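Student: Sequence first, predicted coordinates after that:
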Amino acid sequence: MSEATERPDADAWASACEEDLREEQARRRAQYGPPPGSAAEELRKLFDVVAEKVTTFQSSLPGMAAQSAVQQFVGQAKAAVEPVIERNPQVFDHLAAAGSELLAAYRSAVEGQERRWTRGTDPAEDSRKSGDPRDEGPEGSEHIDLD
């Protein structure tokens with residue numbers, strides 16, 4: 001055997017994978033647009049858009065005093081937010097993740113209750129049937145009809 005067939009080029013596989021990855025990323029950018037940035041970058045973009053909208057809104061305000069007050073408020077808010085974003089960008093990623101977790105927990109709780117409401121059953125009966133002690137209320141509780 002020759003040396004070329006005994007030891008295949010390991011870099012060729014890595015190069016082909018990197019090329020495929022770049023092509024897939026380019027295809028997704030073309031289809032979906034650029035990927036979102038970090039939570040801090042997205043907050044900065046949101047703040048810029050809101051500030052831009054507020055400044056366009058201020059032109060419809062009567063009087064120079066109102067316009068300058070809005071401009072001053074936007075400037076102060078931007079000056080207060082920007083250093084926080086610069087010093088702690090990872091905090092916003094953690095807050096975004098925590099918000100997603102809270103939303104998932106809320107959804108889970110609400111979906112269970114909605115299922116019971118749409119079936120028209122008593123939640124206490126459902127918990128007794130399922131054996132789930134978390135859904136049980138105090139002993140002797142009774143269903144109160146509010147209609």
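Tutor: In hand now; what should we look at?
Student: need the next SSE after the one helix or strand in the chain whose mean pLDDT sits lowest, C-terminal direction.
Tutor: The weakest-scoring helix or strand in the chain, judged by mean pLDDT, DSSP states H and E, is helix 3-6 (a mean of 52). Once the chain leaves helix 3-6, the next helix or strand it forms, by DSSP states H and E, is helix 10-32.
Student: And the contacts of that following helix?
Tutor: If you take C-beta atoms under 8 Å, 6 or more residues apart in numbering as the criterion, helix 10-32 is touched by Pro35. From N, CA and C alone the C-beta is placed, and that goes for glycine too.
Student: CA atoms only for it, dumped as PDB, please.
Tutor: What follows is helix 10-32 as a C-alpha-only set of coordinates in PDB (Å, rounded to 0.1, in the frame of the first residue of the first chain):
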ATOM      1  CA  ALA A  10      -7.700  13.900   8.400                       C
ATOM      2  CA  ASP A  11      -7.900  17.600   7.500                       C
ATOM      3  CA  ALA A  12      -9.900  16.900   4.400                       C
ATOM      4  CA  TRP A  13     -12.800  15.700   6.500                       C
ATOM      5  CA  ALA A  14     -12.600  18.700   8.800                       C
ATOM      6  CA  SER A  15     -12.400  21.000   5.800                       C
ATOM      7  CA  ALA A  16     -15.400  19.500   4.200                       C
ATOM      8  CA  CYS A  17     -17.400  19.800   7.400                       C
ATOM      9  CA  GLU A  18     -16.400  23.400   7.900                       C
ATOM     10  CA  GLU A  19     -17.400  24.200   4.300                       C
ATOM     11  CA  ASP A  20     -20.800  22.500   4.700                       C
ATOM     12  CA  LEU A  21     -21.400  24.400   7.900                       C
ATOM     13  CA  ARG A  22     -20.600  27.700   6.300                       C
ATOM     14  CA  GLU A  23     -22.900  26.900   3.400                       C
ATOM     15  CA  GLU A  24     -25.700  26.000   5.800                       C
ATOM     16  CA  GLN A  25     -25.200  29.100   7.800                       C
ATOM     17  CA  ALA A  26     -25.300  31.200   4.600                       C
ATOM     18  CA  ARG A  27     -28.500  29.500   3.500                       C
ATOM     19  CA  ARG A  28     -30.200  30.100   6.900                       C
ATOM     20  CA  ARG A  29     -29.100  33.800   6.900                       C
ATOM     21  CA  ALA A  30     -30.600  34.200   3.400                       C
ATOM     22  CA  GLN A  31     -33.800  32.500   4.400                       C
ATOM     23  CA  TYR A  32     -34.300  33.800   7.900                       C
END
